[in-house]
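A.B. asks: With the input below, show me the fold.
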Amino acid sequence: YQANGTLGRIIFDGEKEKILIDFVFPPDIARTKYFLVEDGNNDREEEVVWLLSLRRDRRIGNANEGLLQGSHYFFYDLLEHIDEFDYSLIRSRENIFTILAEAKTIAKVYGQLLIKVEEIAPDVFVYREIVFYDKKGEAWKKETYHDFFNVWATYFRPDKITMLDLRTAKKTVLKFSNWEIRPLTKRDFPIFQRNFLKREENIPPNKCIE
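C.D. replies: Numbers count the residues shown, from 1 in each chain. Below you'll find the predicted structure:
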């Protein structure tokens, strides 16, 4: 992905809710790595960063509201939080459906979401827009998805995602390339070990799911 001139690779282990972000550009943050873990019950998040300048990894305080380098995304945004919200369909028009998601308990970051999904093909739905509201119910950020393309026979993925901060009018544009969608294999497992962060080299492109 590329965000505001920052280039990196994002590797997911969806079953265990693990994400590794490996920055490759610009040079001053190259080989910086972030490792995020969330347990199966969404009860705990771990945020670890490895910095070349320190030659070691260290934990970062609040994983929920820590900002991803050079962007308007929180680390919270990268992990699944489906079970934290109650959902209700509030509008449908042709193939566009608007869904209200409200926090079930005390909101960790967002009080509610307004989600627009599109039936892009029969029984295949994609996100078109998400408006994020803060804990007080005020609109905060808007994420839009652009230029979907078909991967394999059933997957549709956006070529670009934009996150707009509604308060400052500043935005982050994520540009995706070199999609590789495949099951995780044994060769991927070392990537999701914390000691992998200590390696100074970047992850080879053929060893990641981008």
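A.B. asks: where does this protein have low pLDDT?
C.D. replies: Flagging of the chain using pLDDT under 70 yields the residue ranges 1-17, 38-47, 49-63, 152-153, 177-210.
A.B. asks: again, 50 this time
C.D. replies: 206-210 (pLDDT under 50).
A.B. asks: Just say helix, strand or coil for H146.
C.D. replies: Three-state call for H146 (DSSP: H, G, I helix; E, B strand; the rest coil): strand.
A.B. asks: show me what contacts it?
C.D. replies: 158-162 (C-beta atoms under 8 Å, 6 or more residues apart in numbering). Heads up, the C-betas are built off the backbone N, CA and C, glycines and all.
A.B. asks: Would you list the buried entries among those residues?
C.D. replies: With neighbours counted using 16 or more other C-beta atoms under 10 Å, those contain these buried positions: 158, 161-162.
A.B. asks: Next step: these restricted to strands.
C.D. replies: 158, 161-162 (DSSP state E).
A.B. asks: Just give me the closest of those residues to V37.
C.D. replies: Using C-beta to C-beta, I161 is the member of those that lies nearest V37, at 23.2 Å.
A.B. asks: Go ahead and confirm the closest one touches E143.
C.D. replies: Yes. Counting by C-beta atoms under 8 Å, E143 is a contact partner of I161 at 6.4 Å.
A.B. asks: hang on, the earlier thing: same list (the buried ones among the contacts of H146) but as TSV, adding distance to Y76.
C.D. replies: Shown next, in TSV, are these (distance: C-beta to C-beta, whole Å):
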residue	distance to Y76
P158	20
I161	16
T162	18
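A.B. asks: returning to what we had before: may I ask which two of the contacts of H146 are separated the most?
C.D. replies: D159 and T162 (11.4 Å).
A.B. asks: Now do the same contact list for F149.
C.D. replies: 156-157, 159.
A.B. asks: Name every strand pairing with whichever strand or helix holds it and say which way it goes.
C.D. replies: F149 belongs to strand 139-151 when assigned by DSSP states H and E. In the sheet, strand 139-151 lines up against strand 124-133 (antiparallel), strand 155-165 (antiparallel) (DSSP bridges).
A.B. asks: Make a markdown table from those strands and add distance to D83 to it.
C.D. replies: Shown next, in a markdown table, are the strands paired with strand 139-151 (distance: least, C-beta to C-beta, whole Å):
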| stretch | distance to D83 |
| --- | --- |
| strand 124-133 | 17 |
| strand 155-165 | 23 |
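A.B. asks: all helices for the protein, in order.
C.D. replies: With DSSP state H, there are no helices along the chain.
A.B. asks: That one: strands as residue ranges?
C.D. replies: Using DSSP E, the strands of the chain run over residues 2-3, 6-13, 18-25, 33-38, 45-51, 56-59, 85-93, 96-103, 112-121, 124-133, 139-151, 155-165, 171-175.
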